[in-house]
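In: sequence-free structure coming up:
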Ligand SMILES: O=C(O)C(=O)[C@@H](O)CO
Ligand SMILES: [Mg+2]
């Protein structure tokens, strides 16, 4: 079975953030991911990782802004990344530098750089300008990350969850990664978003995983984004597909569990809903 990482921004939200690490380890996770670490000192997060025998496998570069308070304000104001946002190039670079410092402290191999939003009713010229900025920002970020021994990931996200998000489709993500051609620039393949936007998920795993351009998977039930055993995707089947293809191409990444638990009563809500994980790893 794939290696599963708990997404601590969505799982265990019944607990304070720093206590979620222990809860995830107690439930058998060996890896964790989350959106943003910037509200906490890197050494406090590193201590929780060490103390619970966990690996940090992924987190996001800031969503906008230029310091820790600004990052939180940007997220609250609806900013969803700066990589493809014309005029936000300085914030993008500042954000990647912050992320690389945290990646070093947390020994985290991957950083997700969210693309950001297009303007309302974007014109063809505005879309083309966003594409140019995206390409030059990602080239720069991949070079910075390579020097630090890290990967940069980009993720297609469905436009129902994030309207006007610049990157929605797997083929567009792979096209820009191929065009830039940096070996440490990869795609974060979130099966939840893929099913909502384009479907044909198993075939896309078989097509894209052997290219070497998939850096990470994420999962959730569709359409409610609850546990993976709730909804229209057959995850036991998809886990077997990932296993089979990963074995054939020696892929050794992680599958992030990025869903909102619906089962059980607080405070045991997240753990109550992990029957799918116990079944998958039995
Ligand atoms: O929303 C998702 O899906 C994610 O993976 C988050 O990192 C937001 O980018
Ligand atoms: Mg995701």
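Out: The structure has been received and is ready for your questions. Because the structure is a prediction, the values reported are computed rather than measured. Ligands and ions are numbered 1, 2, ... in the order given.
In: and the gap between residue 166 and residue 130?
Out: From residue 166 over to residue 130 the distance is 6 Å, taken as Cβ to Cβ, to the nearest Å. Every residue, glycine included, has its C-beta placed from N, CA and C.
In: between the two, which one's more packed in?
Out: The neighbour comparison of residue 166 against residue 130 (other Cβ atoms under 10 Å) goes to residue 166, with 26 against 22.
In: re the thing from before, show me whatever sits in contact with both of residue 166 and residue 130.
Out: The contact sets of residue 166 and residue 130 overlap at 84, 118 (Cβ atoms under 8 Å, 6 or more residues apart in numbering).
In: Any residues of the stretch 101-250 of the chain in contact with ligand 1? List them.
Out: Applying Cβ under 6 Å from any ligand atom, we find that the stretch 101-250 of the chain lies next to ligand 1 at 112, 114, 155, 157, 190, 193, 218.
In: Regarding the last one, what is its secondary structure?
Out: It refers to residue 218. Counting by DSSP: H, G, I helix; E, B strand; the rest coil, the backbone at residue 218 sits in strand.
In: near ligand 2 too, which of the residues of the stretch 101-250 of the chain next to ligand 1?
Out: Among those, the ones lying near ligand 2 by Cβ under 5 Å from the ion are 190, 218.
In: Out of the residues of the stretch 101-250 of the chain next to ligand 1, which comes closest to residue 183?
Out: Set against residue 183, the nearest of these by Cβ to Cβ is residue 112 (17.2 Å).
In: beta partners of that closest one?
Out: With DSSP bridges as the criterion, residue 112 is bridged to residue 60, residue 153.
In: Surely it is in contact with residue 187?
Out: No: using Cβ atoms under 8 Å, residue 112 is not in contact with residue 187; the gap is 10.3 Å.
In: list the residues that contact both of the two?
Out: What both residue 112 and residue 187 touch, as defined by Cβ under 8 Å, 6+ apart, is the set 153-155.
In: Excluding chain neighbours, what is closest to residue 75?
Out: With sequence-adjacent residues excluded and distances taken as Cβ to Cβ, 6 or more residues apart in numbering, residue 75 is closest to residue 63, at 4.7 Å.
In: how about the one you found, secondary structure?
Out: coil.
In: What confidence value was assigned to it?
Out: Residue 63 carries a pLDDT value of 98.
In: Tell me which residues touch it, please.
Out: With Cβ under 8 Å, 6+ apart, residue 63 has these contacts: 36, 71, 74-75, 79-82, 114.
In: Recalculate using a threshold of 7 Å.
Out: Contact partners of residue 63, counting by Cβ atoms under 7 Å, 6 or more residues apart in numbering, are 71, 74-75, 79-81, 114.
In: Report how many residues lie close to residue 176.
Out: When neighbours are counted by other Cβ under 10 Å, residue 176 registers 18.
In: The residue nearest to residue 20 when sequence neighbours are not counted and ligand 2: what is the separation?
Out: If the residues on either side of it in the chain are set aside, residue 20 comes closest to residue 12, at 3.9 Å by Cβ to Cβ, 6+ apart. To ligand 2, residue 12 is 17 Å away according to Cβ to the ion, to the nearest Å.
In: correct me, but residue 12 touches residue 272?
Out: No: under the criterion of Cβ atoms under 7 Å, residue 12 is not in contact with residue 272, lying 11.7 Å apart.
In: now the helix or strand that contains residue 32, how far from the centre of its chain.
Out: Per DSSP states H and E: residue 32 is located in strand 31-34. Offset of strand 31-34 from its chain centre (Cα atoms, centre = their mean, to the nearest Å): 9 Å.
In: from what I can see residue 135 touches residue 176, true?
Out: Yes: counting by Cβ under 7 Å, residue 135 does reach residue 176; the two are 6.5 Å apart.
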